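Engineer: give me a model of this one.
(chains A and B)
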There are 2 protein chains.
Amino acid sequence: MKILFSPTSPYVRKCLVAAHELGLADRIQLLPSNAHPVQRDPEIIRNNPLGKVPTFFTDDGQVLYDSRVICEYLDNLAGGTLFPAPGARRWETLTLQSLGDGILDAGLIARYEDVARPQPLRWPEWRAGQLDKAETSLAHLNARPALLEGRVDIGAIAVACALWYLDLRFEDLRWRERHPAVAKWFASFGERPSMRAAWAI
Amino acid sequence: MKILFSPTSPYVRKCLVAAHELGLADRIQLLPSNAHPVQRDPEIIRNNPLGKVPTFFTDDGQVLYDSRVICEYLDNLAGGTLFPAPGARRWETLTLQSLGDGILDAGLIARYEDVARPQPLRWPEWRAGQLDKAETSLAHLNARPALLEGRVDIGAIAVACALWYLDLRFEDLRWRERHPAVAKWFASFGERPSMRAAWAI
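Structural biologist: Down below sits the predicted model:
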């Protein structure tokens, strides 16, 4: 199996953490790429017309994207439990994944505002609105510590990758000061071998 | 069941088309809302901290988001076939959904550039890069007419909602001229009762 990746893509990280949890990481070859929303990479587009990473190649020739599809494929391949069977637990887990991915989407949009867009064209209220999505989402999680506690599934992985990305790009947010229950959970979840292995790329 | 909606949200449309296909539309109450990325709606945030629509309420009290989770929930509730069982067909269908959703994400970002951002802060290359994602995606589909033909699942619905949104917001793209196979497919799929019913809101 192969994956088009970039080392700072949080969605690639999410796939690699899932692969580690499932014992599949050694079977996935990493193919470097140059995803960018303005200078689009024709090498990626040839396989994924959206031009985004992660883009994944199965051993029997399917091309899969985005991270949600790749992670569910890997879970199914390994007979894992990152995606619960249909029922209330599945919908809760998938909604938690949407929350983590939503924080990431907002963070990426704010990041593009900070570094891709020419300085005179930046709009502070837009950036603030995006980062406020992260803020209200962390407040939501902080008020519900039972939602994350003890959980090892695609919901927890998505939230953990979102927190990793906030630390990477928005250290100034100092989110731990306002959301101590989330900070406590992440201090523990972040020590999982899957998380440490994927972080080391 | 209830759904927080706005009439021009393509992701809400996607959920409503799925609900119609599954015979569930009459059981879903539409709750108006005011989603906006800068002036964020506290009424939505109370239920979905990302502040986005669609946000969905099941009859047994779960709050679900985003559209992928809501559509899969509805499919499972109705015993439908919009989401195939695990296997190659499922991964193909989910990747097609990612493609449709990716076109929509790009279209929404271009739309915010056009109408939400103050005029002096707009960046034409950014908008062009987003709309090029739609262009390369439609070229990909146009070269593979068998991928869409005869398909009634969440992949087809996602692509159809993306095309609907391009027509709504970017008529000037005139995508049909360059992608006639996609245009032919959409002329037919768009006549399905599910599509016409959801369109009529």
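
Engineer: could you use CA atoms for every contact and neighbour count after this?
Structural biologist: Noted.

Engineer: and residue A:63, what are its phi and psi?
Structural biologist: Main-chain torsions, residue A:63, degrees, to the nearest 10: phi -110, psi 120.

Engineer: for chain A, list the residue farthest from the centre, please.
Structural biologist: Distance from the centre of chain A peaks at residue A:120, with 29.9 Å (C-alpha atoms, centre = their mean).

Engineer: how deep is the spatially closest residue to that residue that is not a sequence neighbour tucked in, by neighbour count?
Structural biologist: Spatial nearest neighbour of residue A:120, chain neighbours left out: residue B:121 (7.2 Å); criterion: C-alpha to C-alpha, 6 or more residues apart in numbering or on different chains. Counted with other C-alpha atoms under 10 Å in any protein chain shown, residues neighbouring residue B:121 total 15.

Engineer: kindly report the same for residue A:117.
Structural biologist: Other residues near residue A:117 come to 18 when the count uses other C-alpha under 10 Å.

Engineer: go on, residue A:57?
Structural biologist: Other residues near residue A:57 come to 18 when the count uses other C-alpha under 10 Å.

Engineer: so what pairs up with it in the strands?
Structural biologist: Counting by DSSP bridges, residue A:57 forms beta bridges with residue A:2, residue A:63.

Engineer: for it, list the residues it contacts.
Structural biologist: Shown in contact with residue A:57 (C-alpha atoms under 8 Å, 6 or more residues apart in numbering or on different chains): A:1-3, A:63-64.

Engineer: what ranges does chain A have for its helices?
Structural biologist: Using DSSP state H, the helices of chain A run over residues A:10-21, A:42-45, A:67-78, A:88-115, A:124-142, A:145-148, A:154-169, A:175-178, A:180-189, A:193-199.

Engineer: contacting residues around the closest residue to chain B within chain A?
Structural biologist: In chain A, the residue that lies nearest chain B is residue A:121 (4.2 Å; C-alpha to the nearest C-alpha). Residues in contact with residue A:121 (C-alpha under 8 Å, 6+ apart) are B:120-123.

Engineer: and residue A:98, by the same measure?
Structural biologist: A:155, A:158, B:65-66.

Engineer: and the buried ones among the contacts of residue A:57, selectable in PyMOL?
Structural biologist: Buried subset of those, written as a PyMOL selection, criterion 16 or more other C-alpha atoms under 10 Å in any protein chain shown:
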select buried, chain A and resi 1+3+63+64
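
Engineer: most tightly packed of the helices of chain A?
Structural biologist: For the helices of chain A, the largest average neighbour count (mean count of other C-alpha atoms under 10 Å in any protein chain shown) is found in helix A:10-21, namely a mean of 25.

Engineer: what's the angle between that one and helix A:67-78?
Structural biologist: 10 degrees (axes from the mean of the first three to the mean of the last three C-alpha atoms, to 10 degrees).

Engineer: appreciated, that's everything.
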